[in-house]
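**Student:** Show me how the following folds:
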Amino acid sequence: MSNILIDAIYERLRELAEDGVGNVRTIQGRFGGNLPEGTDVEEELRRGILTLAPAEINLKMRKHPQHIARLGNVQIHLLDAEIRVVRTLSVAEHVDDDLRDDVKTQAIVDGNALCQVLEIPANLHTTEGGNPTGLVGGEYVDSNPAYRGKAAGEAQSLVTIHRFTFTAVSSPDSIGASSLLNEDAGRLLTEDGFFLLLE
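**Tutor:** Below you'll find the model as predicted:
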């Protein structure tokens, strides 16, 4: 029996989003961490003015439709990721249409930047320290911006939830973590496109 490597997955997603690393593409100087759950509105506003927009990553796990329970040691899962990014609007940006649109534009550009690094399988397989993640792919879902904070005429934050879905495999070392189950029971599709028979 093997476990999904959630610790390594969180580590790798933070590396890609916040640390400017990646095997193929990278994000440089756009996001930081330091946005724990439960941060109040005033503190969120303060942190949202930083050069590196504060971000937090949360994962939820569900069964993959191709999951085959009888395989036992080979488990395939879907991970729904929410990446929460905060950008603070000044009073001027809050009341001026053009300035407000500029901040909303940045929120959408944030989503595109995340796509550049999180939809590339080669970026996902291992952490910078070489630890396997079991991730075999990621897919962008949507970006949902919403205002939070004081009434009109005062600073507000634009909080955007960027959603991705990742496929993760937990399996014995003999099979490898960078593999994806095929629809047919008893076959494993590797990242190279070859099938391994599981008998």
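**Student:** Would you map the strands across this protein?
**Tutor:** 31-32, 53-63, 75-89, 135-149, 156-170, 179-181, 187-190, 195-197 (DSSP state E).
**Student:** So which elements touch the fifth one?
**Tutor:** Helices and strands touching strand 156-170, as assessed by 3 or more C-beta pairs under 8 Å, 6 or more residues apart in numbering; DSSP states H and E, comprise helix 41-47, strand 75-89, helix 97-118, strand 135-149, strand 179-181. (C-beta placed from N, C-alpha, C; glycine too.)
**Student:** mean confidence for it?
**Tutor:** For strand 156-170, mean pLDDT is 92.
**Student:** Quick check: closest non-adjacent residue to the spatially most central residue of the chain.
**Tutor:** Residue closest to the mean C-alpha point of the chain, counted by C-alpha atoms, centre = their mean, is A81 at 5.1 Å. Distances taken as C-beta to C-beta, 6 or more residues apart in numbering put F164 closest to A81, at 4.5 Å, once the chain neighbours are dropped.
**Student:** was I right about I120 contacting T26?
**Tutor:** No: judged on C-beta atoms under 8 Å, I120 makes no contact with T26 at a distance of 10.4 Å.
**Student:** how close does the closest residue to V117 other than its chain neighbours get to D97?
**Tutor:** Distances taken as C-beta to C-beta, 6+ apart put L16 closest to V117, at 4.6 Å, once the chain neighbours are dropped. Taking C-beta to C-beta, to the nearest Å as the measure, L16 falls 34 Å from D97.
**Student:** Could you check which of the two has the larger neighbour count?
**Tutor:** Ranked by neighbour count (other C-beta atoms under 10 Å), L16 and D97 place L16 first, with 27 against 7.
**Student:** Does the nearest residue to N34 once chain neighbours are set aside have any beta-bridge partners, and if so which?
**Tutor:** Among residues not flanking N34 along the chain, P54 sits closest, at 5.3 Å (C-beta to C-beta, 6+ apart). For P54, the beta-bridge partners under DSSP bridges are G32.
**Student:** which residues does Y140 contact?
**Tutor:** 111, 114-115, 118-119, 162-164 (C-beta atoms under 8 Å, 6 or more residues apart in numbering).
**Student:** Mind doing that once more with 6 Å?
**Tutor:** Applying C-beta atoms under 6 Å, 6 or more residues apart in numbering to Y140 gives the contacts 115, 164.
**Student:** pLDDT below threshold where in the chain?
**Tutor:** When residues are selected by pLDDT under 70, those of the chain lie in 1-2, 36, 38-42, 44-48, 50-51, 67-73, 149-154, 171-199.
**Student:** how about 80 then?
**Tutor:** 1-3, 33-51, 66-75, 89-95, 148-155, 171-199 (pLDDT under 80).
**Student:** which non-adjacent residue is nearest N23?
**Tutor:** Nearest residue to N23 in three dimensions, chain neighbours excluded: A122, at 4.8 Å (C-beta to C-beta, 6+ apart).
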